[in-house]
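S.K.: The sequence isn't on hand, but the structure is:
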């Protein structure tokens, strides 16, 4: 587990981007207000994109400068994600950051042959703990 405060998040995100390379799928898990969207905001900032990052809770997907796809499947769940046809979008060579991805979503990615990184975020006082695992 990596533990960092908001000021240290930038360095952690930089390491994640380095590990992913030019693109990749990142599943973000954590309770409400654990910092999933904050992680995405820092990720986009670290890529040098100057855009407003907000959680796509109702639209399911926000795209940032054709480099980052930010999904939030909380509202419609895995079924809503599948029905929207967004699974095919994961084939695009971009960064795909998915908030609220659960075990069922992971199973689908595995069956489809997608590699991904999962980051579980846990609040620890005024910091966050990040547990990273890979599908490989």
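M.R.: Yep, it's here. Predicted model only: the values in this text are computed from it and were never measured.

S.K.: And the strands in the chain?
M.R.: Residue ranges of the strands in the chain, as given by DSSP state E, are 2-4, 24-29, 61-64, 68-72, 95-99, 117-124, 127-134.

S.K.: Helix or strand with the lowest mean pLDDT in this protein?
M.R.: None of the helices or strands of the chain scores lower by mean pLDDT, DSSP states H and E than helix 77-83, at a mean of 90.

S.K.: other SSEs contacting that one?
M.R.: helix 103-112 (3 or more C-beta pairs under 8 Å, 6 or more residues apart in numbering; DSSP states H and E). For the C-beta atoms, the positions are set from N, CA and C on the backbone; glycine is no exception.

S.K.: Report pLDDT for the spatially most central residue of the chain.
M.R.: With distances taken as C-alpha atoms, centre = their mean, residue 97 lies nearest the centre of the chain, 2.8 Å away. Per-residue confidence at residue 97 stands at 98 (pLDDT).

S.K.: Quick one: end-to-end length of stretch 66-76, please.
M.R.: Across stretch 66-76, the straight-line distance between its terminal residues is 24 Å, by C-alpha to C-alpha, to the nearest Å.

S.K.: Repeat that for stretch 18-38.
M.R.: End-to-end distance of stretch 18-38 (C-alpha to C-alpha): 19 Å.

S.K.: repeat for stretch 94-114
M.R.: Distances were taken as C-alpha to C-alpha; on that basis the terminal residues of stretch 94-114 are 13 Å apart.

S.K.: now do stretch 41-61
M.R.: As for stretch 41-61, its first-to-last residue distance stands at 14 Å under the measure C-alpha to C-alpha.

S.K.: same thing with stretch 48-60?
M.R.: For stretch 48-60, the end-to-end distance is 23 Å (C-alpha to C-alpha).
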